[in-house]
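>>> fold the stuff below for me.
(2 chains)
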Amino acid sequence: MSRLNEANIILAKEIIGRYPKARSATIPLLHLSQQQNGYVTNAAIAHVAELVGATSAEVLGTATFYEMFKFEPVGKYLVNICGTMSCQLLGADELMHHAEERLGVKAGGTTADGMFTLEHAECQAACTEAPNMQVNYRHCHRMTTNAFDQLIEDLAAGRLDGEIPPHGTLARVRQQIPADKAAGVASLASPAAPAWFPAPEAKP
Amino acid sequence: MNTYPWAAGYIDDGDRPKIVTSRFHLEDSYTLERYHATGGYAGLRAALGRTPAQVHDEVRGATVLGRGGAGFPAGVKWGLMPAEKYPRYLVVNGDESEPGTYKDRLLMERDPHQLIEGSLIAAYAAGLAQVFLYIRGEMPLAHERVATALNEAYAAGYIGRNILGSSFSVDIVLHWGAGAYVVGEETALIESLEGKRGEPRLKPPYFPAAIGLYGQPTIVNNVETLSNLPWLLTNGAQAFTAIGTETSPGTRMVAVSGHVKRPGVYEIVNGTTTFRDLLYGDEFSQGIRDDNELKAFVPGGGSAPWFTPDQLDLPFEGKLVGAAGSMLGSGAIMVMDETTDIPKAALTLTHFYAAESCGQCTPCREGGTWLERVLQRIVDGRGTHADLDQLMEIGESICPGDFPHAASERLGLAATPFPYKMTTICFVGPSAYAPVHSALTLFRDEFEARIPASATRARKQIPVTAVGAH
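Predicted structure coming up:
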């Protein structure tokens, strides 16, 4: 069963309610489904489509555009090694080579125990801290081969469970918009200037 | 040396004015409590004490150039919306992913309330009825910090209905990206926010201010741009323009990475700080690693044409850098020393843009891919002399005419100024070509040295035979 579960349906409806058009919630809902199942299943695509009022093909079309959505199971930990300019200049190739040997898989592969998926990644916005990598998108700066081995050991032993959630969990804090404080969606159905915004005076 | 374990990369040696990084030295700078204790939300209070038009004038008067890449003044951008079309939206561009760029992530992780306050000021000044804060998906810490700050700010009455007891009401919605470089382009960002593939929209209209989110007037502002507004409203446009130059006032965040002794993210005085200061200055990156020679540097993110030591004394100023054949982009300098394998470096960047092409425009989708393939075979030692011309021909199909490049004393070459012409909807295609063109123009000998002696000089001509002629 990989449609959204009941708790996530409630959350999904709340997220949809924040946008003037439901379809805007497509990507957040795909993240939600990936958090629930570890990857985006066909049933989840169909369910997201129902919720946002789009076709499954439209949601699939959106989902496949974005690098973060996976359509088959990946490891508990997604290890992304940056290979863009500054990381490349400072040893990204060596780090990737080492990672492939240490994990025993090529880039794109998943270890037999289902713990690690190794990927080439593009710029991670940490260029001064090269070479960089991410584990489930959490940054690891100035990596060395020794630091990599230690990190893999710690992850495998569960020593970083408190810091790095399993693949699919994007952020552990969610925005809450309390109903009694919300200004409300700026609906397309009310095409007036906001009450607090004085329209420019009409030209004589 | 002033570095902080909680703000990896950020360095604030020296005595420079700080506008957007003034709290980075504080470990708990992201909390509402610390934000309050350091003057937080004073800019919003100042704004609410004036009319939206007065706030807009203040921002327009300060010439806050956009910090995302294009450098368009925020105050002017806000003025491009049609007068009678509502609702209007604000989309905050937190999709930082240009190679070399590292600033918006720091601003979101270290000072999320400053960004929220800046967004509220923009919404108030420009009559924007809802704010969508689009954060790159691969930045979970930024998401957590911004989500926490939004929750705190709602509880404290800074966001939502009747902000600080005024009639000003606006919601800020945190939105998750999912990994696509091209979404940093503002019309692609809007498509993505509509739940679609992040493909840039055909121009015109050139500005989403006219037709943006759901077809409505929409302002897209960069995280750093908006983060300037609280300070600007608290201290006034005059104080803002007293820093920097007339055409480039204020400060800018610049990341210097690659082969330097001390890579770092610095808040610099806009318009006057030179590349020599940034690469060699004591307050900044302190020289090339191992005291090597500087070979080349990318002055403004992976999309920017390269500079060589000839351009070191240029100040970090958009117009001057444009005239010299490149652009400041998103404040990202990547430094290559004498040991750099230039064809490999060009391949790395071209690979990035080829991989990130959305595929809409043929010159980018096909051209980027072919640039990468031809470069790859040259790097692998399987290239031919004709491949070098082939690269330029592919580039010509993406950017017809003279492509911008820097002057070179060594080569007796004059600069071709920015910008370029393009056959694509957005800049991703030209960006795939920029590193190739720079590397080939400035370091052609390194490409030729990679071509095996056995390679023929002439291009193979395939005879054309008329149908039925044999």
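
>>> surely residue A:71 touches residue A:39?
Yes. Counting by Cβ atoms under 8 Å, residue A:39 is a contact partner of residue A:71 at 6.3 Å. The C-beta positions use only the backbone N, C-alpha and C, and glycine is treated the same way.

>>> which one of these two has more residues nearby?
residue A:39 (17 against 14; other Cβ atoms under 10 Å in any protein chain shown).

>>> secondary structure element holding that one?
In the assignment (DSSP states H and E), residue A:39 maps to no helix and no strand.

>>> C-alpha coordinates for the longest helix seen in chain B, CSV please?
If you go by DSSP state H, chain B has its longest helix at helix B:362-379. C-alpha atoms of helix B:362-379 as CSV (Å, rounded to 0.1, in the frame of the first residue of the first chain):
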residue,chain,number,x,y,z
THR,B,362,17.2,22.3,-29.3
PRO,B,363,20.4,24.4,-29.3
CYS,B,364,20.8,23.8,-25.6
ARG,B,365,19.6,20.2,-25.3
GLU,B,366,21.6,19.0,-28.3
GLY,B,367,24.3,21.6,-28.3
GLY,B,368,25.1,21.2,-24.6
THR,B,369,25.3,17.5,-25.0
TRP,B,370,27.5,17.6,-28.0
LEU,B,371,29.8,20.2,-26.4
GLU,B,372,30.2,17.8,-23.5
ARG,B,373,30.8,14.7,-25.8
VAL,B,374,33.4,16.5,-28.0
LEU,B,375,35.2,17.9,-24.9
GLN,B,376,35.2,14.5,-23.3
ARG,B,377,36.9,12.9,-26.2
ILE,B,378,39.5,15.7,-26.3
VAL,B,379,40.2,15.2,-22.6
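
>>> which strand or helix spans residue B:131?
Using DSSP H and E, residue B:131 falls in strand B:130-135.

>>> for that strand, packing partners?
In terms of contacts (3 or more Cβ pairs under 8 Å, 6 or more residues apart in numbering or on different chains; DSSP states H and E), strand B:130-135 is packed against strand B:89-94, helix B:112-126, helix B:140-155, strand B:171-176, helix B:186-193.

>>> could these go into TSV alongside mean pLDDT, distance to residue B:46 and mean neighbour count?
TSV is the format used below for the helices and strands packed on strand B:130-135 (pLDDT from 0 to 100; distance: least, Cβ to Cβ, whole Å; neighbours: other Cβ atoms under 10 Å in any protein chain shown):
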stretch	mean pLDDT	distance to residue B:46	mean neighbour count
strand B:89-94	98	19	26
helix B:112-126	98	9	28
helix B:140-155	98	17	22
strand B:171-176	97	19	24
helix B:186-193	98	28	26
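
>>> distance of residue A:147 from chain B?
Computed as Cβ to the nearest Cβ, to the nearest Å, the residue A:147 to chain B distance reads 14 Å.

>>> was I right about that residue contacting residue A:140?
Yes. Between residue A:147 and residue A:140 there is a contact under Cβ under 8 Å: 7.5 Å.

>>> which one, of the helices and strands packed on strand B:130-135, ends up nearest to residue B:281?
helix B:112-126 (26.5 Å; Cβ to Cβ).

>>> using PDB, write out every CA atom in the closest one.
In PDB, the C-alpha atoms belonging to helix B:112-126 read as follows (Å, rounded to 0.1, in the frame of the first residue of the first chain):
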ATOM      1  CA  PRO B 112      16.000  33.200   8.600                       C
ATOM      2  CA  HIS B 113      14.100  36.000  10.400                       C
ATOM      3  CA  GLN B 114      16.100  38.600   8.400                       C
ATOM      4  CA  LEU B 115      14.800  37.000   5.200                       C
ATOM      5  CA  ILE B 116      11.300  36.800   6.600                       C
ATOM      6  CA  GLU B 117      11.300  40.400   7.600                       C
ATOM      7  CA  GLY B 118      12.700  41.400   4.200                       C
ATOM      8  CA  SER B 119       9.900  39.500   2.500                       C
ATOM      9  CA  LEU B 120       7.300  41.200   4.600                       C
ATOM     10  CA  ILE B 121       8.700  44.600   3.800                       C
ATOM     11  CA  ALA B 122       8.700  43.800   0.100                       C
ATOM     12  CA  ALA B 123       5.100  42.500   0.300                       C
ATOM     13  CA  TYR B 124       4.000  45.600   2.100                       C
ATOM     14  CA  ALA B 125       5.700  48.000  -0.300                       C
ATOM     15  CA  ALA B 126       4.500  46.400  -3.500                       C
END
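
>>> where does the prediction get shaky in chain A?
Within chain A, the ranges that satisfy pLDDT under 70 run A:1, A:199-204.

>>> picking that back up, show residues contacting the longest helix of chain B.
B:341, B:343-344, B:346-347, B:350-351, B:353-354, B:357, B:359, B:383, B:387-388, B:390-391, B:394-395, B:397-398, B:423-424, B:428-429, B:432-433, B:436, B:447, B:450-451 (Cβ atoms under 8 Å, 6 or more residues apart in numbering or on different chains).

>>> and chain A, which of the residues you listed contact it?
residue B:344 (Cβ under 8 Å from any Cβ of the partner chain).

>>> narrow the contacts of helix B:362-379 to those in strands?
Under the assignment DSSP state E, the contacts of helix B:362-379 contribute nothing to strands.

>>> who touches stretch B:279-292?
Contacts for stretch B:279-292 (Cβ under 8 Å, 6+ apart): B:11, B:13-14, B:16, B:256, B:259-264, B:266, B:268, B:277-278, B:294, B:297, B:312, B:333, B:335, B:337-339.

>>> can you map out the strands along chain A?
Using DSSP E, strands in chain A cover A:77-82, A:116-121, A:133-135, A:138-140.

>>> contacting residues around residue A:25?
A:12, A:15, A:16, A:18, A:19, A:51, A:52, B:195.

>>> how close does the nearest residue to it once chain neighbours are set aside get to residue B:375?
Of all residues not flanking residue A:25 in the chain, residue A:16 sits nearest, at 4.4 Å (Cβ to Cβ, 6 or more residues apart in numbering or on different chains). From residue A:16 across to residue B:375, the span is 45 Å (Cβ to Cβ, to the nearest Å).

>>> and what of residue B:278?
As judged by Cβ to Cβ, residue B:278 and residue B:375 stand 29 Å apart.

>>> those two: which has the busier surroundings?
A count of neighbours by other Cβ under 10 Å puts residue B:375 above the other of residue B:278 and residue B:375, at 27 against 24.

>>> which residues sit in contact with residue B:138?
Residue B:138 touches A:68, A:80, A:124, A:125, A:134, A:137, B:177, B:179, counting by Cβ under 8 Å, 6+ apart.

>>> pop the domain breakdown of the chain in here.
Let's take chain A. With domains defined by automatic domain parsing, chain A comprises A:6-63, A:77-156.

>>> let's do chain B instead
B:32-241, B:251-448.

>>> want to throw these into CSV with distance to residue A:193?
Output for those, formatted as CSV (distance: least, Cβ to Cβ, whole Å):
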stretch, distance to residue A:193
domain B:32-241, 5
domain B:251-448, 32
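
>>> quick revisit: how many neighbours does the residue nearest to residue A:25 have?
Residue A:16: 19 neighbours (other Cβ under 10 Å).
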